[in-house]
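**Student:** Below are the sequence and a predicted model; questions follow.
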Amino acid sequence: MRASPPVLTGSGRRSKAQRRTRASVLIIALVVAALIALGLGSMLSLNLTSSRLAKRTLHGFAGLNLVEAGVEEGTWSINRAAAGDTAAWAGWTQGTGDAWRRFSGFDLGDGSATTVKVYVNRFAPPVGAQPKIIALASIAQGSEAPVTKMLEVTLRRRSFFANGIVAKESLVFSGANPAVDSWNSDPDNNPATPPVDYSLAVRVDHGSVASGSAAVDALKVNHAQIWGYASTGGAPPKFLASGSVRGTTTPVGLAVDPSRIATDFNADFPAIPMPAGGTAIPAITGTASLGTPGTTTRWRTTGVTLSGSEKLTIYGDVTLVITAPPGTDGVKVTGSAEIVIPAGSTLALYTESDVRIAGRGVTNGNIQASSFTIWGTNTSPTGQNFDVVGNGTLRGVIYAPNAAVSIHGNGDVMGSVVARDITLTGNAAFHYDEALAETGATAPFGISKWRELTSAADRAAYDPLFSGW
């Protein structure tokens, strides 16, 4: 008798279905887990990539700051050297007309290695030259390619005398009928051509006067007639009945042209160091001559004192350094005495002491005011006084950011004045020489062109400069 086949119960059928379901769930779970793992891996890779990109972006900004700091180092050295600082290029390697230096060890807080290489072309530029600074910054970390930034900067001299009369604090016109205007003694900017003397035919309306102070009485135009502009650091200029600020575009009958007044004037007044070196000579106390025609010379003396009909005559290009201490008269000209600068000669006078020029004053045979310059080197905020008298024609330039300067006279004063406090007494006509804005062997350099070099083609021209150091 054969046995009957087994009969599958309902519960048996459910077990097989459950097993199939569980297998499907397991497969789905494995697929989901794989997708999650893939997603997590992608997110981790994305996060790592984002982190690297963020770090390189941070290094890029840091590199730009570093390369700009390198440019500032080069500019600082050029300006200090132009001002007579003999230690301006300490730490730099110098070649024929160029200089270079490597800076390193900047701590960015992430263990990266940082370097900045700076190359300066024409580290001792003559007047009119426009030196270049090329800087390369590199930030490296681990095995990654370093982040580099390269800048090319062109410098240009910023004149101390971009305006006619500029006071750090107060500027006062106290005469009954003084006037201010301007002309350009070198309109073609070519020193080889003859200079142009002032006349009404070449007179222009750029006779700018300014005070950097925001004080209420910072600029007292009073009765002065300004053919140009008047500016202050805050409060508007003060005028009396006949005072005016006008120009060629000012409507007829309008004495004070609002378009020619500004209250946002701002200027730097950097100190000028006393030049080093020079041939030491005794104090000049009588008729004498200094220099040699056609020759550049530098002299050091304790002072110049002229009286009676005594005369100091300047020959060639003379730099005279007065070593008298502050608070004393380093230069004193009285009676009928005078300082004579013949045509073709120049005098640059440096002093931290006081200057008092009366008598016949300074007789300058040159047309351009830049041929006679007085540099006040006193660093005390109230440490210097200049008193200049000129009843004839006085051609010259004064830069003394910590001095009180008084100019007396009824003749023509041609040039520019920059000082702490300036008082113009008398009815002199002041003519600003616009050519001064383009000259000045000791004027600081500023950036005229700034270019980041990003392409391989732009960098290729300078790559040899940065190899091997």
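**Tutor:** Arrived safely.
**Student:** What segments of the stretch 201-350 of the chain are strands?
**Tutor:** Taking DSSP state E, counting those that start in this stretch as the criterion, the stretch 201-350 of the chain contains strands spanning 209-211, 219-222, 225-227, 230-231, 238-239, 244-246, 261-262, 279-280, 288-301, 304-306, 311-322, 329-333, 338-341, 346-351.
**Student:** In contact with the closest residue to Phe123 other than its chain neighbours: list those residues for me.
**Tutor:** The shortest distance from Phe123 to any non-neighbouring residue, by Cβ to Cβ, 6 or more residues apart in numbering, is to Ala99 (4.2 Å). From N, CA and C alone the C-beta is placed, and that goes for glycine too. Contact analysis of Ala99 by Cβ atoms under 8 Å, 6 or more residues apart in numbering lists 77, 89, 92-93, 119-120, 123.
**Student:** Work out for me the element Ala99 sits within.
**Tutor:** strand 98-104 (DSSP states H and E).
**Student:** Quick one: distance of that strand to the chain centre.
**Tutor:** 22 Å (Cα atoms, centre = their mean, to the nearest Å).
**Student:** Kindly report the same for stretch 290-297.
**Tutor:** Its chain's C-alpha centre and that of stretch 290-297 lie 31 Å apart, by Cα atoms, centre = their mean.
**Student:** what's next to that stretch, contact-wise?
**Tutor:** By Cβ under 8 Å, 6+ apart, the list of residues contacting stretch 290-297 reads 279, 284, 299, 312-320, 344-345.
**Student:** And stretch 116-125, by the same measure?
**Tutor:** 66-67, 69-71, 73-74, 77-78, 81-82, 89, 92, 94, 97-104, 106, 129, 131-138, 155, 445, 462, 465-466, 469.
**Student:** Can you get me a residue count around Ala129?
**Tutor:** Ala129 has 13 neighbours, counted by other Cβ atoms under 10 Å.
**Student:** residues in contact with it?
**Tutor:** Arg122.
**Student:** The helix or strand hosting Arg156 packs against which elements?
**Tutor:** Using DSSP H and E, Arg156 maps to strand 147-157. Other elements packing on strand 147-157 under the criterion 3 or more Cβ pairs under 8 Å, 6 or more residues apart in numbering; DSSP states H and E are helix 10-82, strand 132-140, strand 445-452.
**Student:** Run through the stretch 101-250 of the chain and note the low-pLDDT ranges.
**Tutor:** 126-128 (pLDDT under 70).
**Student:** ok, 90 please
**Tutor:** 105, 107-111, 121-131, 141-145, 155-163, 175-177, 188-192, 241 (pLDDT under 90).
**Student:** Now find how far off-centre stretch 402-410 is within its chain.
**Tutor:** 26 Å.
**Student:** which of the residues in that stretch are buried?
**Tutor:** Going by neighbour count (16 or more other Cβ atoms under 10 Å), the buried part of stretch 402-410 is 402-409.
**Student:** before we move on, what about stretch 290-307?
**Tutor:** Those buried within stretch 290-307 under the rule 16+ other Cβ under 10 Å are 290-291, 297-306.
**Student:** Could you turn the buried ones of the contacts of stretch 116-125 into a PyMOL selection?
**Tutor:** Only the buried entries of the contacts of stretch 116-125 go into this PyMOL selection, using 16+ other Cβ under 10 Å:
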select buried, resi 66+67+70+71+73+74+77+78+81+82+89+92+98+99+100+101+103+106+131+132+133+134+135+136+137+138+155+445+462+466
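**Student:** if we can go back for a sec, can you give me the pLDDT of the residue nearest to Phe123?
**Tutor:** On pLDDT, Ala99 comes in at 93.
**Student:** now Ser259
**Tutor:** For Ser259, pLDDT reads 94.
**Student:** ok, it - how many residues close by?
**Tutor:** Neighbours of Ser259 (other Cβ under 10 Å): 11.
**Student:** I'd like to know how far it sits from Gly247.
**Tutor:** As for Ser259, its distance to Gly247 is 8 Å (criterion: Cβ to Cβ, to the nearest Å).
**Student:** What of Leu312?
**Tutor:** Distance, Leu312 to Gly247, by Cβ to Cβ: 40 Å.
**Student:** Likewise for Glu73?
**Tutor:** From Glu73 to Gly247 the distance is 42 Å (Cβ to Cβ).
**Student:** who touches the closest residue to Ala214 other than its chain neighbours in this structure?
**Tutor:** Distances taken as Cβ to Cβ, 6+ apart place Gly234 nearest to Ala214, at 2.6 Å, with adjacent residues excluded. Contacts for Gly234 (Cβ under 8 Å, 6+ apart) come out as 213-215, 218, 263.
**Student:** tell me the phi and psi of Gly234?
**Tutor:** Torsion angles at Gly234 (phi, psi; degrees, to the nearest 10) stand at phi -170, psi -80.
**Student:** Quick check, His206 in contact with Ala162.
**Tutor:** No: with contact defined as Cβ atoms under 8 Å, His206 does not count as touching Ala162 (10.3 Å).
**Student:** quick revisit: moving C-terminal of the strand holding Arg156, what's the next helix or strand?
**Tutor:** strand 165-173.
**Student:** List of residues touching the helix or strand following that following strand?
**Tutor:** Of the helices and strands lying after strand 165-173 in sequence (DSSP H and E), the nearest is strand 179-183. Residues from elsewhere that reach strand 179-183, judged by Cβ under 8 Å, 6+ apart: 164-165, 196, 198-199, 202-209, 224-228, 429-434.
**Student:** For the contacts of stretch 290-297, pick the one with the most neighbours.
**Tutor:** Busiest of those [other Cβ under 10 Å] is Leu320, holding 26 neighbours.
**Student:** Identify, from the contacts of Ala99, the entry nearest to Leu240.
**Tutor:** Ser77 (48.4 Å; Cβ to Cβ).
**Student:** show me the residues around the closest one that make contact.
**Tutor:** Ser77 neighbours (Cβ under 8 Å, 6+ apart): 88-89, 92, 99, 120, 123.
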